[in-house]
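J.: fold the stuff below for me.
(chains A and B)
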Amino acid sequence: MLTLKLPDGSVRQVPEGTRPREVAASLGKRLAQAAIAAKVNDKVVDLDSELRDGNGELSFQVLTDKDKEALAVLRHSCAHIMARAVLRLFPGAQLAFGPALENGFYYDIDSPTPIREEDLPRIEEEMRKIIAAAEPFERFERPTSEARELVRDLGQGYKVEHIDDDLKQYPTLSFYRQGEFIDLCRGPHVPHAGKVGAFKLLSIAGAYWKNDASRKQLQRLYGTAFFNQKDLDAYLHQLEEAKKRDHRVLGKQLKLFTISPAVGSGLILWMPKGATVRGILEGFIKEELLKRGYQPVYTPHIGRLELYRTSGHFPYYRDAQYPPLFLHQLGQTVDTWLALLESDQLSEQAEAAFLKLLEEAGKTMTDVPGEPAATLGRYAAAGKDKAKKAEALQAWLGRQEGYLVKPMNCPHHIQIYKAEPHSYRDLPVRLAEFGTVYRFEQTGELAGMTRVRGFTQDDAHLFVTPEQIEEEFSANLDLVLFVLSSLGLNDYRVRVGLRDPQSDKYVGKAENWEKAEQTLLSLVQSRGMNFSAEKGEAAFYGPKIDFVVRDCIGREWQLGTVQLDYNLPERFDLEYIGKDNAPHRPVMIHRAPFGSLERFVGILIEHFAGAFPLWLAPEQVRVIPVSERFREYGQRIENELRSHGFRVAGDYRPEKIGYKIREAQLEKVPYMLIVGEKEQSAGTISVRDRVDGDLGAMSIAELVKRLHDEVKERRIRQVSTASAGLSERGAQFAD
RNA sequence: GCUGCUGUAGCGUAGUGGUAGCGCGGCGCCUUGGUAAGGCGCAGGUCGUGGGUUCGAUCCCCACCAGCAGCUCCA
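T.: You can find the predicted model right below:
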């Protein structure tokens, strides 16, 4: 016998092998009808699974359409239904993976005839037939070798590969059958297809088999499903609403920024209003840094290539950088040559052409530094040895004067640290700069302000003694948290980025990594922070703690980051003189509370739906005269407020005030001042608030005080209709 | 970078193998007003760029550029 503990605390005895469906039936007829799956000891299982293994008691819960876990089961089943429909319409299609997602599901499919967006309605139509038939999902198991034969006979090559690669260690594998459709699947599933109350196929996109860009690209069909139409409609409506706060849309509407193909992809042009917001944020940070003992520095936008070879950035991220600039034009050529050689893309003809070019140059150009002839000799001597050829070219390139548009500020800051000797008494040294960096991000990655090719980090590098690490690192976590909370950005998650033990992309000694990772983990633990430790998310020189937020369509972006680095100090041979009068190696902390100003402002636009709080609003107050007769009075008010440091504009167009108010409202101006006959004669203004509407008449002094207080406290009043979507989103993504 | 889709006036959009409409915005005139759109009129387009097919291309084909969604990447 098994003892089941039900959610209400009551206990029930059932024989071993009883099915959840039977338990549900014994609990009540309606419950049995509503049952989707069951949760046994926190594991979601089919209604037809057998209850076993009752050492002590099992916690048992019937899941219905009220439970979140049931929705995930439904979506997974809907993915199967979609796959079944696709197999009917696209014979020969092969299935890869088809999981449920937070908000829906997908299935990766490799079809001999590509599936197009126009095909989605047909597939939906077929799915509706399957759902109407309401056939059950039947689970069965096979020993692994038989399972392999079965999927092979079904013509499902990806499933065969999946078994060979990942599932061999299991003695048996499970399948689900639904009519003619059989799929290798762990489950669980809803009892029958009819449980899918509402669904919609949303899009098709490419996705690599096993998420590996070197493997075949499949078609990923996305969809979502709910228990009823109302929930689906609500979800689709919410998607539409979320899109309205897209920073790319609002940035254009509110004239915050623009991107011009004439300047280049991923390069942000800050328009006056956006620049105002950015400037205020910069001031905000600068003030904080001053309080926290940082020292400002400025460094140039380019640096010697050699510097970035030493730091490792150039070799590690070569493809993601703008190509180096060589003072001698031959440098570019040889650099291209080397890049082709290293990536195995150098054809014989190209190689011959390069050789000829270098030879000619050696003869005719008298200004080529670094003896091209000797390089040619070494290259020829290398024969077919790729590494030696590369060495020859590198040796020549190393003697060229070359510069890199900086992809990172740290090497520059390190040179400032190195410019003078340091005593342990000086440490920590905290060098801060709004450093603009350039990275050649892949075209497919560019997105508004959130993923760009040129951006400004609110960067700083701390040089500390080993004893200071914890305190300084912790202080920086405080700074990031302070910044986020000052802006009401509470919907973020904390990620501890650790190295991936499988990968060789990391520099430095294992023991340093070990030490650094332990420091970070114990720090977040002792602070009681919610975090997820993720392997493979570290920087190449050290582990880090990132603050990650979502944009209006649910994509995650890293904002603030604090990173611990034992390795660059070693690469650059940094020192300080300790108490013992001997040189010691400092440790570096890299950190940026905003991350990049571009991305941060982009996320802020979405967070506030364009309605910035008063202290950030590019235009804080707009004076709106009732008619042109009150222009002079309006301008007097403007000047008065301006003299108090507020950002003010006046709208003196010959339009009715309703029109002008509407416009100011749409432009998200926090305060509108209506002035007419009454106000002029009483020396007052009528104040209209963006959130609360008409506040009535006020003296200028009263208004100034109100504005001052609101700015000083950096009050965030506006999490109103416009940003309601965000809290909904927060709730939705809460787990 | 890869897969798919898109590109028409400043913005949002309609449309067609015979060189283009609408709304908002802009400009002008009338209206001088009291808290989310007053009226009339005018101007504004090499239909992303470059090739090709065709008697003729904004429309069909190719390449490039840019954007969107997803994948991969992200110091």
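J.: next one: phi and psi at the residue nearest to A:P112 when sequence neighbours are not counted?
T.: Nearest residue to A:P112, sequence neighbours excluded (C-beta to C-beta, 6 or more residues apart in numbering): A:G92, at 4.7 Å. In this view, the C-beta of every residue, glycine as well, is placed from N, C-alpha and C. The phi/psi pair for A:G92 (degrees, to the nearest 10) reads phi 90, psi 0.
J.: I figured A:G92 was touching A:V86, is that so?
T.: No. In this structure, A:G92 is not within contact of A:V86 by C-beta atoms under 8 Å, at 10.7 Å.
J.: sticking with the spatially most central residue of chain A, tell me its helix or strand.
T.: Closest residue to the average C-alpha location of chain A: A:W557 at 2.2 Å, with C-alpha atoms, centre = their mean. Using DSSP states H and E, A:W557 sits in strand A:556-565.
J.: avg pLDDT for the following helix or strand past that strand?
T.: As assigned by DSSP H and E, the chain's next helix or strand after strand A:556-565 is helix A:567-571. What helix A:567-571 shows for mean pLDDT is 95.
J.: any residue of helix A:567-571 up close to RNA strand B?
T.: No. Taking C-beta under 7 Å from any atom of the strand as the criterion, helix A:567-571 and RNA strand B are apart, separated by no less than 9.4 Å.
J.: run through who's touching that helix.
T.: For helix A:567-571, contacts defined as C-beta atoms under 8 Å, 6 or more residues apart in numbering pick out A:310-312, A:410-411, A:414, A:463, A:507-508, A:512, A:541-542, A:574, A:585-588.
J.: restrict those residues to those near RNA strand B?
T.: When contact is defined as C-beta under 7 Å from any atom of the strand, those meet RNA strand B at A:C410.
J.: of the contacts of helix A:567-571, buried ones?
T.: Among the contacts of helix A:567-571, the ones that count as buried by 16 or more other C-beta atoms under 10 Å are A:310-312, A:410-411, A:414, A:463, A:507-508, A:512, A:541-542, A:574, A:586-588.
J.: just to revisit the earlier point, tell me how far the residue nearest to the centre of chain A lies from A:M449.
T.: 10 Å (C-beta to C-beta, to the nearest Å).
J.: okay, and the common contacts of those two?
T.: Common neighbours of A:W557 and A:M449 (criterion: C-beta under 8 Å, 6+ apart): A:R599.
J.: OK, contacts around the residue nearest to A:Y107 when sequence neighbours are not counted?
T.: Of all residues beyond its chain neighbours, the one nearest A:Y107 is A:G98 (3.4 Å), with distances taken as C-beta to C-beta, 6+ apart. Taking C-beta under 8 Å, 6+ apart, we find A:G98 in contact with A:76, A:79-80, A:82-83, A:105-108, A:183.
J.: repeat the analysis, applying 6 Å as the threshold.
T.: Under the criterion of C-beta atoms under 6 Å, 6 or more residues apart in numbering, the contact list for A:G98 reads A:79, A:83, A:107.
J.: could you pull out the buried residues of the helix or strand containing the second one?
T.: Using DSSP H and E, A:A83 sits within helix A:68-89. Within helix A:68-89, the residues that qualify as buried are A:69-89, counting by 16+ other C-beta under 10 Å.
J.: same for RNA strand B: which of those are within range?
T.: Within the buried residues of helix A:68-89, nothing lies near RNA strand B by C-beta under 7 Å from any atom of the strand.
J.: care to break chain A down by domain?
T.: A:2-64, A:69-241, A:278-295+A:406-593, A:328-400, A:621-717 (automatic domain parsing).
J.: redo these as CSV? Include distance to A:Y316.
T.: Shown next, in CSV, are the domains of chain A (distance: least, C-beta to C-beta, whole Å):
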stretch, distance to A:Y316
domain A:2-64, 42
domain A:69-241, 18
domain A:278-295+A:406-593, 5
domain A:328-400, 13
domain A:621-717, 39
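J.: which stretch among those domains comes nearest A:Y322?
T.: Closest of these to A:Y322 is domain A:278-295+A:406-593, at 5.1 Å (criterion: C-beta to C-beta).
J.: check the offset of the closest one from the chain's centre.
T.: From the chain centre to the centre of domain A:278-295+A:406-593 is a distance of 17 Å (C-alpha atoms, centre = their mean, to the nearest Å).
J.: distance between the ends of that domain?
T.: 14 Å (C-alpha to C-alpha, to the nearest Å).
J.: what's the helix or strand for A:G303?
T.: Secondary structure from DSSP H and E places A:G303 in strand A:302-304.
J.: that strand pairs with which strands, and in what direction?
T.: Applying DSSP bridges, strand A:302-304 is found paired with strand A:402-405 (antiparallel).
J.: tell me what angle the helix or strand just after the strand it pairs with forms with strand A:556-565.
T.: Sequence-wise, the next helix or strand downstream of strand A:402-405 (DSSP H and E) is helix A:410-418. Counting by axes from the mean of the first three to the mean of the last three C-alpha atoms, to 10 degrees, helix A:410-418 points 30 degrees away from the direction of strand A:556-565.
J.: so what touches helix A:410-418?
T.: So helix A:410-418 is contacted by A:297, A:299, A:307, A:311, A:431, A:461, A:463, A:572 (C-beta under 6 Å, 6+ apart).
J.: from the residues you listed, which is closest to RNA strand B?
T.: Distances from RNA strand B to the contacts of helix A:410-418, taken as C-beta to the nearest atom of the strand, are shortest for A:S311 (8.6 Å).
J.: what's the separation between that closest one and A:P569?
T.: Applying C-beta to C-beta, the value for A:S311 to A:P569 is 11 Å.
J.: so which residues on the stretch 551-700 of chain A come close to RNA strand B?
T.: For the stretch 551-700 of chain A, the residues in contact with RNA strand B (C-beta under 7 Å from any atom of the strand) are A:553-555, A:561, A:563, A:590, A:626-629, A:654-659, A:661-662, A:665-666, A:672, A:674-679, A:686, A:688, A:693-694.
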